[in-house]
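In: I need the structure of the sequence given here:
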Amino acid sequence: MPHTTFFNRHALHLKPDPARVIVRPFKPATEPRDLNPTDKTRANHIVDRVLALGTDAAAAQLMDVLDNFQGRHRDLLAIFEARADDMEDALTNHADFSRIQRQLVGAYFLHEYSFEAAALFNPSIVAHPDQGGVALGATRFILSLRAVGEGHVSSLTFRSGTIRADGGIEVDPAARLAAVPRITSRTQGPEGDDVDVIFRKEDDLSERVIFPITESQSNGIEDARFVEFDDNGRRIYYATYTAYRGTAIRSELIETTDFVSFRMTPLRGSAARNKGMALFPRRIDGRYAMIGRQDNENLYLMTSDDLHVWDGGQAILRPQHPWEFVQIGNCGSPIELDEGWLMFTHGVGPVRKYSIGAVLLDKADPSKVIARSSEPLVRPEPSEREGYVPNVVYTCGAMRHKDLIILPYAVSDTYSKLATINIAALLQTLQAP
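Out: The predicted structure follows:
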């Protein structure tokens, strides 16, 4: 069946915007002479220079900073004071500070970071927890996206939008401002830190940026696969993601009910040492179920009584067709249909070309493959081949809307698009394995 009969690319492009910035701590490099514990550190030298300014000069300098950066961030003075609080080690060796001096010191130990300057890609999509005021037959949604900035550091950001009753899609404009959350608790564990964070509820969803917080995430929070999980009638949003620290990866879990407060927790077990895990939207036979890749080649089904511990697994999908001979992986959490579990997959073929296919798993026993794509559903079009990583289309999760699948996908690890797929027509294209 020609793809044009059931696959519709929408004229929506979510592209990275280097003008969207957050403020991050600036930590001056240690100079050789600073290694002597009896000497002042470079941070102390900067503080000395600020204190050497007269009262009027310090006030004028702070006003100049505010004039220069006001409008780019909310509550700059509060941000400066919070950073000064973090700098107590550098401040204790000095005389008392005026409030202006303290705010100015905080400003010297911050820098702007353009968190999506390089890429905005690998999206997933879920229904918004707030459907109030939505037109009849429409659904408000949340897109999660992987944003990449200087140094190829990945963070998690969001967009909202609406699927109209007729299947049309609208994505809300991104807010001009952006901010990182406040850490409300941090607990050390054997596999890393559990961290709770919260944003200001009044801020727009698109302003919220979850930047790496823990050591395991220090080089990136990558490829979050969000799913709306039915926990015996209680709705929880979970996402598995890859925590990258520059030399190692691990799978971690993020949890939220409102996309205002989030908990981030390392996953434990042998399977958590890999990436690309995706949680089923409900328990199966009383157990949590997950799809993941454990050998960089095949897809495995795993089950567990503990959401945070994943071991073992059963290989259920292996590369079978030329477009997936290099490896096969999941493209987000399975979607429950009457016919079974619909799961999108990615396959890697010649010249490391990434394409997207689909698989139908048995609803009662998802280790059984009912049907799968013999040809890709989505492959890089001529206009989609160029980018940071050429020849790649990729998604981290789709959602159902009536008789359609809403599929956001990334183009060449650079920007994101959206498509709709007719479910009945899609299922007709799948073939027995």
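In: how near is residue 119 to residue 66?
Out: Per CB to CB, to the nearest Å, residue 119 is found 32 Å from residue 66. From N, CA and C alone the C-beta is placed, and that goes for glycine too.
In: thought residue 134 was touching residue 161?
Out: No - with contact defined as CB atoms under 8 Å, residue 134 does not reach residue 161; the gap is 11.2 Å.
In: Neighbour count: these two, which is higher?
Out: residue 161 (21 against 15; other CB atoms under 10 Å).
In: re earlier: and residue 119 and residue 66? which has more neighbours close in?
Out: residue 119 (24 against 15).
In: tell me the contacts of the residue lying closest to the more buried one once chain neighbours are set aside?
Out: Nearest residue to residue 119, sequence neighbours excluded (CB to CB, 6 or more residues apart in numbering): residue 148, at 4.1 Å. Counting by CB atoms under 8 Å, 6 or more residues apart in numbering, residue 148 makes contact with 16, 116-121, 154, 220, 388.
In: Compare the residues you listed and tell me which has the most neighbours.
Out: residue 121 (31 neighbours).
In: which one is that residue nearest to, not counting chain neighbours?
Out: residue 410 (3.5 Å).
In: Quick check, that neighbour in contact with residue 418.
Out: No - applying CB under 8 Å as the test, residue 410 and residue 418 come out as separate, 10.8 Å apart.
In: Comparing those two, which shows the higher neighbour count?
Out: residue 410 (28 against 25).
In: pLDDT wise, what is that one at?
Out: Per-residue pLDDT puts residue 410 at 97.
In: could you check the distance from it over to residue 25?
Out: 30 Å.
In: Does residue 187 lie in a helix or a strand, and which?
Out: strand 182-189 (DSSP states H and E).
In: same question, residue 409
Out: Take DSSP H and E as the rule and residue 409 turns out to sit in strand 404-411.
In: and the longest helix for this protein?
Out: helix 55-69 (DSSP state H).
In: now stretch 144-161, how far from the centre of its chain.
Out: On the basis of CA atoms, centre = their mean, to the nearest Å, stretch 144-161 sits 6 Å off its chain's mean C-alpha point.
In: domains of this protein?
Out: Following automatic domain parsing, the chain resolves into domains at 3-20+114-429, 22-112.
In: still on that earlier bit, please tell me how far the residue nearest to residue 121 sits from residue 276.
Out: Distance from residue 410 to residue 276, by CB to CB: 14 Å.
In: Residue 176 now?
Out: Counting by CB to CB - residue 176 and residue 276 are separated by 34 Å.
In: Those two: which is more packed in?
Out: Neighbour comparison, residue 176 and residue 276: the larger count goes to residue 276, with 23 against 13 (by other CB under 10 Å).
In: what secondary structure does the more buried one sit in?
Out: Three-state call for residue 276 (DSSP: H, G, I helix; E, B strand; the rest coil): coil.
In: give the contact list for it.
Out: 223, 242, 292-293, 329-330.
In: Most neighbours among the residues you listed, which one?
Out: For the contacts of residue 276, neighbours tallied by other CB under 10 Å; top is residue 223, 27 neighbours.
In: Could you tell me the average pLDDT over stretch 286-300, please?
Out: 94.
In: Helices along the chain, start to end?
Out: Under DSSP H, the chain gives helices at 42-52, 55-69, 76-86, 88-91, 99-108, 423-429.
In: From the contact counts, what lies against the longest one?
Out: Taking 3 or more CB pairs under 8 Å, 6 or more residues apart in numbering; DSSP states H and E as contact, the helices and strands that helix 55-69 lies on are helix 76-86, helix 99-108.
In: if we go to 7 Å?
Out: helix 99-108 (3 or more CB pairs under 7 Å, 6 or more residues apart in numbering; DSSP states H and E).
In: buried set for the helix it packs on?
Out: By neighbour count on 16 or more other CB atoms under 10 Å, the buried set for helix 99-108 is 100-108.
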